[in-house]
Structures are given as C-alpha cells and as structure tokens.
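Student: Structure for this input, please:
(one chain, ligands or ions: 1)
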Amino acid sequence: MKNQVAVLPLNGNGNGHYSTQLKMVDPNEIYDPHFESLVQQMLVRVGEDPEREGLQRTPLRVAKAMDFLTSGYSASLDDVLNDALFEAESQELVLVKDIEFYSLCEHHMLPFFGKAHVGYLPNAKIIGLSKIARLVDLFARRLQVQERLTSQVADTLLEVLDARGVAVVIEASHFCMMMRGVQKQNSSTVTSAMRGVFQDDAQLRQEFMQLIRA
Ligand SMILES: [Zn+2]
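Tutor: As a prediction, the model looks like this:
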C-alpha cells in the first residue's frame, strides 16, 4: 500500500473545471488514487483540462514516474549492498568515474543530472563496483540538493567500508537553472566531499582530481 497523501482542498480561481474523481480509463490501472487526484488538480491549476484525451492517463503516469524517481526513500542500504563487501587484497585507490545519475532538486522538484566520481582507499574491506553506482542512485532518487547528495554518498561509503578515505565529486546541470530563473543552459555545478585521508592529504586529493579529469 502506498503512503496516503491527504487531498488538498481546492480554492480555485474558477479556471477550467474541477474534477475530483480520476476518470478511470482502465479501472485496474489506478495506482495511487490520492496522488493521482493531486496531479489532476495540478493540471487544472496550470490551466489544463485533465479530461482531454492526451491528459486522461497523465496522473497515473506521473504517479508511477514520481514513485520511481523517489524510490530512494523506500530502498534500504542493506538491499543495495546485499552482502557485496569483500576482503581487500590491496589498499590501492579504487575509483569509479562517470557514474550517470538523475535526481530531483528539492527546491523546485525539477531534475538535475550529471556524473558522479567516487573513489576510496580501502582499509580491510572493498565493495562490488556496481554497488557504488547503486549507492549513488539510492540517494539520487530522492528530493535532493547536490551538496547533500555528494556528502551522503561519501559518508555512507566511509562508514560501511570503514575506508581510510573517500572522495566524491559530482558535476551536474540543474533544470531549475536551465529552464527558468537565470536560464544558464551551459552552466554546471561541481560539488565535492573529501573524507579521511583525502581530507588531510592535499597530494592525494590532487591525484584523485587528475584521475577523474583524465
Ligand atoms: Zn532547484
């Protein structure tokens, strides 16, 4: 059962017409009636007719899409790691570059997307490489700010691996800057989180930065 969302009362401005029931195109395909009702009301508020053909199933689609895009709230760290921790055979740097990710900014609920670069210096444990990408998704599929996403990935990895150090750099483009506001389509935002030895050792940090630029 999905979390129930209270349906907000409409205090509309009289545009369009209100329909409080989601029109059932296929009654078996109601996914999350409360959420779908909210989306339908949103369509009315932006001046649309939610009953017109192209929009009839939009609340359903949006509910499903939002469920996926925020699935990081319900996924657990244990599921993601799924016993994929192994004994470290060396203590050399492990670096996964260019991890593609998609997230939603918590200020506008608009997408931001880009690449994450994640490196760590193991202590006794290493983690399956694909799990690092899944860890990024775990935190990206929530409402986020880029800074928090960056530090959550770094802090979690540091903790689960008890690593000597973790370095995370994220480069992203934000739709809330590209489509609205300052409309800077080509700007990208870079955030970094350095933990453990990466925090203390400038040379190591520099090495990491060179490797991700290479
Ligand atoms: Zn934003």
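Student: Can you report how many residues lie near the closest residue to Pro111 other than its chain neighbours?
Tutor: Spatial nearest neighbour of Pro111, excluding adjacent residues (C-beta to C-beta, 6 or more residues apart in numbering): Phe175 at 4.9 Å. Backbone N, C-alpha and C define where each C-beta goes, glycine included. Applying the criterion other C-beta atoms under 10 Å, we find 15 residues in the vicinity of Phe175.
Student: Thought Gly114 was touching Phe175, still the case?
Tutor: No. Counting by C-beta atoms under 8 Å, Phe175 does not reach Gly114; the two are 11.5 Å apart.
Student: And the helix or strand containing Val169, what does it pack against?
Tutor: Per DSSP states H and E: Val169 is located in strand 165-174. Based on contacts counted as 3 or more C-beta pairs under 8 Å, 6 or more residues apart in numbering; DSSP states H and E, the elements that strand 165-174 packs against are strand 94-105, strand 111-121, helix 146-161, strand 189-196, helix 197-200, helix 202-213.
Student: just the ones you listed: most buried one?
Tutor: Per-residue neighbour counts averaged over each of those give the maximum for strand 111-121, namely a mean of 22 (mean count of other C-beta atoms under 10 Å).
Student: what about the residue nearest the centre of the chain, distance to the ion?
Tutor: Compute the mean C-alpha point of the chain, and by C-alpha atoms, centre = their mean the closest residue is Ala140, 2.1 Å away. Counting by C-beta to the ion, to the nearest Å, the gap between Ala140 and the ion amounts to 14 Å.
Student: correct me, but that residue touches Cys105?
Tutor: No. Proximity of Ala140 to Cys105 does not meet the contact threshold set by C-beta under 8 Å, at 11.2 Å.
Student: hang on, the earlier thing: tell me if the strand holding Val169 is near the ion.
Tutor: No. Residues of strand 165-174 are not located near the ion by C-beta under 5 Å from the ion, the shortest gap being 5.7 Å.
Student: Just the CA atoms of the following helix or strand past that strand, as CSV, please.
Tutor: Beyond strand 165-174 in the direction of the C-terminus, DSSP H and E gives the next helix or strand as helix 175-178. Coordinates of each C-alpha in helix 175-178 appear next as CSV, following Å, rounded to 0.1, in the frame of the first residue of the first chain:
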residue,chain,number,x,y,z
PHE,A,175,16.9,22.2,-14.9
CYS,A,176,15.8,24.9,-12.4
MET,A,177,18.7,27.0,-13.7
MET,A,178,18.4,26.0,-17.3
